[in-house]
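# Attaching a predicted model along with its sequence, questions to come.
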Amino acid sequence: MHLFAGIAVSDYAAAVAWYERLLGAPPSFLPNDTEAVWELAEHRSLYIEHRPGHAGHAMHTLFVDDFDTVIGDIAARGLRPAQRETYANGVRKATFRDPDGNEIGFGGAPEGFSAK
């Protein structure tokens, strides 16, 4: 199974720059003049597409192994989460909003949790 999670944006150039900062890398590939794709893991990609009429409605969450490192790395690239939450079970989430208001969340296990 392959996953391509799409995000509509109104300003393609601004969105590419913002997602490069969020994800820490340029797009993995550019299929055409209106799309940019980041491969986040094998067969799991996030892409933006210039679709102004649909921009601002995406809600995606990526669950990561090292939440604190990922959020710290994003902060070092100049982005801060719009919202941080800790759920009753200790799971943590930081939500970022792109220039159109699309929500990209990063979730992580409770602090101190080890899957080992």
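Okay, I see it. Residues are numbered from 1 along each chain as shown.
# Quick one: the helices in this protein, in order.
12-23, 67-76 (DSSP state H).
# what about those, which gets the closest to residue 58?
Put simply, out of these the one that sits nearest residue 58 is helix 12-23, at 11.1 Å, with distance taken as CB to CB. From N, CA and C alone the C-beta is placed, and that goes for glycine too.
# List the contacts of residue 51.
Shown here is residue 51, whose contacts under the criterion CB atoms under 8 Å, 6 or more residues apart in numbering are 8, 9, 34.
# Give me the buried entries from those residues.
With neighbours counted using 16 or more other CB atoms under 10 Å, the contacts of residue 51 contain these buried positions: 8, 9.
# Excluding sequence neighbours, find me the nearest residue to the one residue sitting closest to the centre of the chain.
In the chain, the residue lying closest to the centroid (CA atoms, centre = their mean) is residue 104, at 4.3 Å. Counting by CB to CB, 6 or more residues apart in numbering, the nearest residue to residue 104 once its immediate chain neighbours are dropped is residue 96, at 5.0 Å.
# Okay then, goodbye and thanks.
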